[in-house]
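Enquirer: after the sequence you'll find the predicted model.
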Amino acid sequence: MVSEVEIGMRVAIIGCGFVADYYLQSLPCYPVLELAAVVDRDAARLARFCGFHRIQPLARSLDEVLGDPRIELVLNLTNPDSHYVISRAALEAGKHVYSEKPLAMALSEARELCALAKARGLELASAPSGILSETAQSLWKALRERVVGEVRLVYAELDDGLVHRMPYRKWLSDSGTPWPYKDEFEVGCTLEHAGYYVTWLTAFFGPARGVTAFSSSIYPDKETEVPLERQSPDFSVACIHFASGVTARLTCSIVAPVDRRIRLFGDRGILEVADCWNYREPVRIRRMFNVRRKTIVTPWTRRYPLPEYRIAGKLPRGANRMQFARGPAEVAASILERRRSGLPADFCLHNTEIVLAIQNALEAHAAYPLTTSFEPLQPPSWAR
């Protein structure tokens, strides 16, 4: 729910590219976040972004932001290759950091950031924040209540269609920034998308003990007029083995038709969600019953109730169904309320390791023993 604290935390946005508009859509709904500065290396893009959202940059450079003692939290919305450098600079300047995914492009860099944050007594978190959605919290509650019995197998899909055949050159953010297709193709769909379900799975089932993965670049050139400088998977599949005994199969692609389902198979039924990108997507229950020699799954479903998450005001029309500002709001609220964050650094590091294990399985099967862990999360009070 919205933080009970009466004061907000001064926040600076570093990078106002395509994803930054998603944060601005829901940021006004979270009074705990007080936007104090926006910085971008592209002056024209910065001016267009600030003009569209009717805000003032209030800072001329990253150094000015890092040197301002009034700014406490940095939102690192830069290109993924810059995440490590920007986050490290912010932490060294004594700022809390919320970074877009991934936390870093290499596990060693992600570890370094977490160690630095811990040494400085600072919060470090990374997107996605979908585990804080009403849908994820409802699903987690249904698991705790064992509404379909014991769940030991999960299928999760994150297919986004054949993106490089779509008119992506015409895609613009609200403020008019083109979709950065070259960066997106070079980073790959696994680093961009796998975290949406990995964060759910680790919150639900605890730390993973290993990943078996395969990834491939099925369309290497993507038919772009600018050659890609590196190949990244446009398809990946992984089996994640959890210490709690659960196994999850996760598929990511920008090749197969759009499918963002998750299904959790229990011994008395199935829990399913159609789209993790909608923070209020219904959680549905399918029951199983025996007919002669067969087990039948009901074609009809019933909904499991969603908990209430109050926000200040209404989201603007056409806003993304993911409330991107909810993650930074949770980090800020946890600092002000002096409690453990719902997106703690050890949790984010573990999820980063899982996603990188899948990403790095390009063109080869890999059994990857994980080396990080985290303290199990507790659901927020509004979802219990």
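Expert: Thanks, I have the structure now.

Enquirer: tell me the mean pLDDT for the stretch of helix or strand residue 335 belongs to?
Expert: If you go by DSSP states H and E, residue 335 is part of helix 326-336. In this model, helix 326-336 has an average pLDDT of 97.

Enquirer: can you check stretch 223-230 too?
Expert: Averaging pLDDT residue by residue across stretch 223-230 gives 85.

Enquirer: who are the packing partners of the next helix-or-strand element following the helix holding residue 335?
Expert: Going down the chain from helix 326-336, the next helix or strand is helix 345-359, by DSSP H and E. Under the contact criterion of 3 or more C-beta pairs under 8 Å, 6 or more residues apart in numbering; DSSP states H and E, helix 345-359 touches helix 107-120, strand 124-126, helix 189-193, helix 195-205, strand 208-216, strand 235-242. For every residue, glycine as well, the C-beta is placed using N, CA and C.

Enquirer: residue 76: which of these is closest?
Expert: Closest to residue 76 of the helices and strands packed on helix 345-359, according to C-beta to C-beta: strand 124-126, at 8.6 Å.

Enquirer: quick one: buried residues of the closest one?
Expert: 124, 125, 126 (16 or more other C-beta atoms under 10 Å).

Enquirer: count the residues that sit near the nearest residue to residue 207 once chain neighbours are set aside.
Expert: Among residues not flanking residue 207 along the chain, residue 373 sits closest, at 4.5 Å (C-beta to C-beta, 6 or more residues apart in numbering). Residues near residue 373, counting by other C-beta atoms under 10 Å, number 16.

Enquirer: so residue 373 sits right up against residue 347, yeah?
Expert: No. At 9.7 Å, residue 373 does not count as touching residue 347 under the criterion of C-beta atoms under 8 Å.

Enquirer: re the thing from before, pLDDT and distance to residue 12 added to the buried residues of strand 124-126, as a markdown table?
Expert: Shown next, in a markdown table, are those (pLDDT from 0 to 100; distance: C-beta to C-beta, whole Å):
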| residue | pLDDT | distance to residue 12 |
| --- | --- | --- |
| 124 | 98 | 15 |
| 125 | 98 | 15 |
| 126 | 97 | 17 |
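
Enquirer: returning to what we had before: can the helices and strands packed on helix 345-359 go into CSV with extra columns for distance to residue 289?
Expert: What follows is the helices and strands packed on helix 345-359, written out as CSV (distance: least, C-beta to C-beta, whole Å):
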stretch, distance to residue 289
helix 107-120, 46
strand 124-126, 43
helix 189-193, 35
helix 195-205, 26
strand 208-216, 33
strand 235-242, 28
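
Enquirer: out of these, which comes closest to residue 336?
Expert: strand 124-126 (14.6 Å).

Enquirer: low-confidence regions, the stretch 201-350 of the chain specifically.
Expert: The model of the stretch 201-350 of the chain has pLDDT under 70 over residues 317-319.

Enquirer: and the closest residue to residue 239 other than its chain neighbours, how far from residue 298?
Expert: Distances taken as C-beta to C-beta, 6+ apart place residue 212 nearest to residue 239, at 4.7 Å, with adjacent residues excluded. According to C-beta to C-beta, to the nearest Å, residue 212 and residue 298 sit 32 Å apart.

Enquirer: flag every buried residue along stretch 257-277.
Expert: Residues of stretch 257-277 classed as buried by neighbour count (16+ other C-beta under 10 Å): 260, 262-266, 269-273, 276-277.

Enquirer: which among those gets closest to residue 106?
Expert: Closest to residue 106, out of all of these and judged by C-beta to C-beta, is residue 276, at 26.1 Å.

Enquirer: quick one, phi/psi of that closest one?
Expert: Reported as degrees, to the nearest 10, the phi and psi values for residue 276 are phi -70, psi -10.

Enquirer: just checking, it touches residue 197?
Expert: Yes. Contact criterion C-beta under 8 Å: residue 276 and residue 197 qualify, at 6.1 Å.

Enquirer: between these two, what contacts are shared?
Expert: Shared contacts of residue 276 and residue 197, defined by C-beta atoms under 8 Å, 6 or more residues apart in numbering, comprise 158, 262.

Enquirer: tally of neighbours for residue 146?
Expert: 12.

Enquirer: ok, the one 4 residues further on next?
Expert: Each residue near residue 150 was counted by other C-beta under 10 Å, and the total is 12.

Enquirer: how close does the most centrally placed residue in the chain get to residue 262?
Expert: The residue lying closest to the centre of the chain (C-alpha atoms, centre = their mean) is residue 128, at 1.4 Å. Residue 128 sits 14 Å away from residue 262 when distances are taken as C-beta to C-beta.
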